[in-house]
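In: What follows is a predicted structure for the sequence shown.
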Amino acid sequence: RGVASSDWELFNRTGIGHLVSISGLHITMIAALAAAIAHWLWRHSMFTGGAWPLRIPAQHVAAAAGLLAAGAYVALAGFGIPAQRTLWMLAVAAAASWSARVVPASQVLACALLAVLLPDPWAVLWPGFWLSSCAIACILFATSGRSRLSGEAGWRASLAGATQTQAAVTLGLLPLTMLMFGQVSLVSPLANALAIPVVSFVVTPLALLGSVLPAPLCGWLLLAAHTAFDWLASVLDWLAAWPLAVWQTPLPGVWATILALVGTLWVLLPRGWPLRWIGLLAWLPLLVAQPASPEKGLWLTAFDVGQGNAVLVETANFRLLYDTGPAYSTESDSGSRVILPYLHARGIDRLDALVISHSDTDHAGGARSLLQSMTVGWVTSSLPPNHPLVDARHVACTAGQHWQVDGVRFEFLHPQRTDDLNARPNARSCTLKISVGGQAVL
């Protein structure tokens, strides 16, 4: 809750949001660390001189310790859906260890998903359930049973394995990411290659140690974690500023998504499978889709923003947004909460014009988010010259201004004067008439 919305936008644009939230990678890391410590101590019988491993195998103790540590960490994190999935996978693996059974990884994942869904069937409505589950499934599909037969070891083999895993997750989640969010981060592989080691092996351990150690040591550790993440954020800012950092299209249909999933499975098949690259062609319907627009006339979309107003006007080649709804808080407004998600779902990344009727917050509250997140051709309003939203793109609206696009006429009927700053904001409102043939909307 302490992460600003602008930071979440940066994390999502660079594809590292899963690392900033409670990541299954971090839960597994904590579990593995606890298991390793318990295994070492039990093998040495806690230095008591006893023969503890003869009574209970050290592997069983390690599995129990790892599961308890993971459970504590997941409880600390609030039992989110991806965290639950990780915990139950570890529980299944621990149960297999205790019962001396070899359980295929696919069964471990299936049992974990069943354990998540039995108490909470509505978990299927959370994007995190599908993204987390499919990420693990992609890793298992792309790597299980394909270990290197040459016995190659060392940092090169580790780097190659990590690269293969990251590629499998990136490719495997692309169709689902497009279906759920209408966009995918093209810089995600590069951002994750840098962020995963920094967050996993520097920031997370320092933050956890800093939360339990006494002062002043805790302050030093937390400051070190913050400094490391601050350096990482600087690099992420640079990556997010690339013109093609994010690929955005309209939300795909069901059949386009299924076709892309089939193509993804084909691409992830083992090396040596013939013509694996053909699977990439199945992504074309998903990647080349264009935003829909009316062939003639216009479309009007009125947004449910609560107290306030926001209407999208579309012709064949022109898009205008009239008002931007209210601001809900210092961190949230209708621009970021309602309007931008709709535009992203439609694949719309540019507005030709923005009209802000007057300065009241229920009409201009979402404008800042829109102007920061989307390209806008020009802005017209009755805002006073010293208003923060007035910039080089701004033109004051006055009665008599008119233009015509795609056979649709736009005309301002009010205000007569914009320099009367003593008038109430409502009395200076931009009043726009849109006419198509013999019909009009005001």
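Out: Looks like it arrived, so ask away.
In: which residues does Tyr295 contact?
Out: For the record, residue 295 is Glu, not Tyr. By Cβ atoms under 8 Å, 6 or more residues apart in numbering, the residues touching Glu295 are Ala316. Just so you know, the C-beta spots here come from the backbone N, C-alpha and C atoms, and that holds for glycine as well.
In: Just confirm it is within a helix.
Out: No - checked against DSSP: H, G, I helix; E, B strand; the rest coil, Glu295 lies outside a helix; its state is coil.
In: any idea how far it is from Arg346?
Out: 16 Å (Cβ to Cβ, to the nearest Å).
In: Could you do Gly407 as well?
Out: 22 Å.
In: more crowded one of those two?
Out: Between Gly407 and Arg346, counted using other Cβ atoms under 10 Å, Arg346 has the larger neighbour count: 20 against 13.
In: Verify the stated contact: that one with Gln290.
Out: No - if you go by Cβ atoms under 8 Å, Arg346 and Gln290 don't touch, sitting 10.2 Å apart.
In: Give the residues shared as contacts by those two.
Out: In contact with both Arg346 and Gln290: Pro250, using Cβ under 8 Å, 6+ apart.
In: Stretch 104-112: how far from the chain's middle?
Out: Here stretch 104-112 is found 26 Å from its chain centre; the criterion is Cα atoms, centre = their mean, to the nearest Å.
In: whoops, I mixed them up, stretch 291-304
Out: Offset of stretch 291-304 from its chain centre (Cα atoms, centre = their mean): 27 Å.
In: what is the rounded mean pLDDT of it?
Out: Averaging pLDDT along stretch 291-304 gives 93.
In: Would you mind measuring the gap between the ends of it?
Out: Stretch 291-304 has its terminal residues 21 Å apart, counting by Cα to Cα, to the nearest Å.
In: hmm, which helix or strand of the protein has the shakiest average pLDDT?
Out: Lowest mean confidence among the helices and strands of the chain (mean pLDDT, DSSP states H and E): helix 17-20, at a mean of 79.
In: Now do the buried residues in the helix or strand following that one.
Out: Sequence order places helix 24-43 as the next helix or strand after helix 17-20, per DSSP states H and E. Buried residues in helix 24-43, defined by neighbour count with 16 or more other Cβ atoms under 10 Å: 24, 26-31, 34-35, 38-39, 41-42.
In: Could you do stretch 178-194 as well?
Out: Within stretch 178-194, the residues that qualify as buried are 178-179, 181-188, 190-192, counting by 16+ other Cβ under 10 Å.
In: Please enumerate the strands of this structure.
Out: Along the chain, counting by DSSP state E, strands occupy 183-185, 246-248, 299-302, 311-314, 319-322, 350-356, 375-381, 394-396, 402-405, 408-414, 431-436, 439-441.
In: What's the mean pLDDT across the last one?
Out: Mean pLDDT, taken over the full extent of strand 439-441, equals 94.
In: So Met180 sits against Pro127, correct?
Out: Yes - applying Cβ under 8 Å as the test, Met180 and Pro127 come out as touching, 5.0 Å apart.
In: quick one: low-confidence ranges for the chain?
Out: Residue ranges of the chain with pLDDT under 70: 1, 22, 144-154, 417-421.
In: Scan it for its longest helix.
Out: helix 155-181 (DSSP state H).
In: can you pull the buried residues of that helix?
Out: Buried residues in helix 155-181 (16+ other Cβ under 10 Å): 164-166, 168-179, 181.
In: what's the answer for stretch 345-362, then?
Out: Of the residues in stretch 345-362, those buried (16+ other Cβ under 10 Å) are 346-348, 351-360, 362.
In: which of those residues lies closest to Asn386?
Out: Closest approach between these and Asn386, by Cβ to Cβ: Ser359, at 10.8 Å.
In: residues contacting the closest one?
Out: Contact analysis of Ser359 by Cβ under 8 Å, 6+ apart lists Ser381, Ser382, Leu383, Pro384, His387, Pro425.
In: which ones are touching the second one?
Out: This means Ser382. Per Cβ under 8 Å, 6+ apart, neighbours of Ser382: Ile356, Ser357, His358, Ser359, Ala396, Cys397, Pro415, Thr418, Pro425, Arg428, Ser429, Cys430.
In: again, only this time at 7 Å
Out: By Cβ atoms under 7 Å, 6 or more residues apart in numbering, the contact list for Ser382 reads Ser357, His358, Ala396, Cys397, Pro415, Thr418, Arg428, Ser429, Cys430.
In: what's the answer for the third one, then?
Out: When contacts are counted by Cβ under 7 Å, 6+ apart, Leu383 is found next to Ile356, Ser359, Leu389, Val390.
In: Next, give phi and psi for it.
Out: Dihedral pair for Leu383: phi -70, psi 150, per degrees, to the nearest 10.
In: Thanks a lot, see you next time.
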